[in-house]
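Enquirer: need a structure here:
(one chain, ligands or ions: 1)
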Amino acid sequence: MKRSIYRSALACGVLLSIATSNCLNFTSNKTQYGGFLRTDFVQELVATFNPDVFVETGTFNGMNAKTIAPYFKQIHTVELSRELYEQARSALAGVPNVSIYWGNSPELIAQLAPQLKGHVMFWLDAHYSGENTAMSNDDTNDPEAITSIRKELKAIKDNNLTNCTILIDDIRGFGTIVDDVEYLGCWAYPSVQEVYEMGKQINPNFVCALLGDILLMYDATKFSPNISSVAQACTESRLYDGRNLSDDELLMHEQVIMHAQGAEKDFIIDLYHRMTDWKDPMFHHDLWYGLVSMGSGDWQEALVGLSKVPHRLEYFNKRRETVSNPLPYNHWRIQKYMDEIKAHIGL
Ligand SMILES: C[S@@+](CC[C@H](N)C(=O)[O-])C[C@H]1O[C@@H](n2cnc3c(N)ncnc32)[C@H](O)[C@@H]1O
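Expert: Numbering: from 1, shown residues only. Coordinates of the predicted model:
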């Protein structure tokens, strides 16, 4: 219902920003960055996709699986670090519907495939995250050692697990491709476009929704999730590759971001503060912050955010070699927004 309202609002050029609790939003759907899935988000996912089984890659200490266990019939979770696996096994003892495995996630997906019956929900979260967490191999310059995401998606495809919904965590670290230029997020991670392409090889009916720091891929012929207008707009803005939207469509989506409210606006602001001074900030975080600041009439902050967009530096290449290439993102609309801001400030 809200989706069709949103579509007609865009068609009329009317600005609309809806963020309700009974909806998949562009907010923190975890208790914190790197924390557990929020149970209200999990309940919304279960109500929408009704999965038969949940597969988590990257168990960590098991607390996420334990927290969400009441909402699923069956959970499988895999952890590569022996130490963390043992810790999680103790934490999950007595939780009858959670099976925990020690191993490498892509191999575990292949191994489990024959017993994954019905609709499978994947929570792909296996990556090196410092301290005592595992790398998939010993080569610290190999992207595959840092994140298993490419091999996990390939394992889902190779094992014909078409009847699934996929959630991928930590999208703030994934890169983006615009006009054939790849802007890296965290050096080891693929671009969101690459991930979406791999998703469509699993199921050509997959569409994406960016729900805060999580990317959702679902079969649009089977499900019609209630996705907020801001989450849809951020998805379109993040997946824009220079060709897949007209200028008018892109500007309309960014108008929706500009008028984000409440928890969605807070998440955009938080994302900017966490990411902007990081080594490999994705320019979208600065752009979206600039947009919401414009929407609030905070022109000075809008100028600060937008000014950062064209001054992007790539520190690493995909082998983690220091390159420090300036890789500016120059698009005419950034200048258009800046001109608008300067007119308000009187510059
Ligand atoms: C961010 S933590 C997972 C957090 C957990 N899913 C949660 O929601 O609280 C990532 C975990 O993935 C594990 N890991 C890294 N590579 C892996 C692989 N190839 N297979 C399985 N686990 C892996 C790490 O040891 C780490 O514990």
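
Enquirer: As a check, name the ranges of all helices in the stretch 101-250 of the chain.
Expert: Secondary structure of the stretch 101-250 of the chain (DSSP state H, counting those that start in this stretch): helices at 105-112, 143-146, 149-158, 192-202, 229-239, 247-258.

Enquirer: just those: most buried one?
Expert: Burial of the helices of the stretch 101-250 of the chain is given as mean neighbour count (mean count of other CB atoms under 10 Å); helix 229-239 ranks first at a mean of 24. Every C-beta, even on glycine, is put in place using the N, C-alpha and C of the backbone.

Enquirer: which secondary structure elements does that helix contact?
Expert: Using 3 or more CB pairs under 8 Å, 6 or more residues apart in numbering; DSSP states H and E, the elements in contact with helix 229-239 are helix 2-12, helix 192-202, strand 206-211, helix 247-258, helix 262-275, helix 283-295.

Enquirer: so after the first one, what's the next helix or strand?
Expert: Downstream of helix 2-12, the first helix or strand assigned by DSSP states H and E is helix 39-49.

Enquirer: State the next helix or strand along the chain beyond that next one.
Expert: With DSSP H and E, the next secondary element past helix 39-49 is strand 53-57.

Enquirer: and the stretch 1-150 of the chain, which residues reach the ligand?
Expert: 34, 36, 56-58, 60, 64, 78-81, 84, 104-105, 125-129, 133-134, 136, 148 (CB under 6 Å from any ligand atom).

Enquirer: Please, a ChimeraX command that selects the buried ones among those?
Expert: Per 16 or more other CB atoms under 10 Å, the buried members of those correspond to this ChimeraX selection:
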select :36,56,57,58,60,64,78,79,80,81,84,104,105,125,126,127,128,133,134,136,148
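
Enquirer: List the residues that contact whatever residue of the stretch 1-150 of the chain ends up closest to the ligand.
Expert: Going by CB to the nearest ligand atom, the ligand is nearest to Gly58 of the stretch 1-150 of the chain, at 2.7 Å. Counting by CB atoms under 8 Å, 6 or more residues apart in numbering, Gly58 touches 78-79, 105, 124-127.

Enquirer: swap in Ile75?
Expert: 53-56, 65, 68-69, 97-99.

Enquirer: at 10 Å what do you get?
Expert: Applying CB atoms under 10 Å, 6 or more residues apart in numbering to Ile75 gives the contacts 53-56, 59, 64-66, 68-69, 92, 95, 97-100, 121, 123.

Enquirer: chain center to stretch 22-38, what's the gap?
Expert: 11 Å (CA atoms, centre = their mean, to the nearest Å).

Enquirer: Quick check: buried residues in it?
Expert: Neighbour counts using 16+ other CB under 10 Å place 23-30, 36-38 of stretch 22-38 among the buried residues.

Enquirer: Check stretch 283-299 too.
Expert: Neighbour counts over stretch 283-299 (16+ other CB under 10 Å) mark 283-296, 299 as buried.

Enquirer: before we move on, what about stretch 171-180?
Expert: Across stretch 171-180, burial judged by 16+ other CB under 10 Å covers 171-178.

Enquirer: quick one: it near the ligand?
Expert: No: Stretch 171-180 stays out of contact with the ligand when judged by CB under 6 Å from any ligand atom, the minimum separation being 11.1 Å.

Enquirer: Need the CA coordinates for that stretch. PDB is fine.
Expert: Output in PDB follows, covering the C-alpha atoms of stretch 171-180 (Å, rounded to 0.1, in the frame of the first residue of the first chain):
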ATOM      1  CA  ILE A 171      27.200  -2.600   3.600                       C
ATOM      2  CA  ARG A 172      28.800   0.700   4.700                       C
ATOM      3  CA  GLY A 173      32.100  -0.900   3.800                       C
ATOM      4  CA  PHE A 174      31.100  -2.100   0.300                       C
ATOM      5  CA  GLY A 175      32.200  -0.100  -2.700                       C
ATOM      6  CA  THR A 176      30.300   1.300  -5.600                       C
ATOM      7  CA  ILE A 177      30.700   1.500  -9.400                       C
ATOM      8  CA  VAL A 178      29.700   4.700 -11.200                       C
ATOM      9  CA  ASP A 179      30.400   5.200 -14.900                       C
ATOM     10  CA  ASP A 180      32.600   2.100 -14.900                       C
END
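
Enquirer: Centre of the chain to stretch 143-155, how far?
Expert: That offset, for stretch 143-155, works out to 15 Å (CA atoms, centre = their mean).

Enquirer: Name the nearest of the buried residues of stretch 171-180 relative to the ligand.
Expert: Among the buried residues of stretch 171-180, and counting by CB to the nearest ligand atom, the member closest to the ligand is Gly173, at 11.1 Å.

Enquirer: State the pLDDT value of Phe316.
Expert: On pLDDT, Phe316 comes in at 86.

Enquirer: same thing with Ile5?
Expert: 34.

Enquirer: low-confidence ranges in the stretch 1-150 of the chain?
Expert: Counting by pLDDT under 70, the stretch 1-150 of the chain contains low-confidence residues at 1-21, 34.

Enquirer: Okay, and which of the contacts of Ile75 map to strands?
Expert: Among those, the members found in strands (DSSP state E) are 53-56, 98-100, 121, 123.

Enquirer: Taking those, tell me the two that lie furthest apart.
Expert: Spatially, the most separated pair among those is Ile100 and Met121, at 17.1 Å (CB to CB).

Enquirer: In JSON lines, list the helices and strands packed on helix 229-239 along with distance to Ala220.
Expert: Converted to JSON lines, these look like this (distance: least, CB to CB, whole Å):
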{"stretch": "helix 2-12", "distance to Ala220": "11"}
{"stretch": "helix 192-202", "distance to Ala220": "11"}
{"stretch": "strand 206-211", "distance to Ala220": "4"}
{"stretch": "helix 247-258", "distance to Ala220": "18"}
{"stretch": "helix 262-275", "distance to Ala220": "22"}
{"stretch": "helix 283-295", "distance to Ala220": "23"}
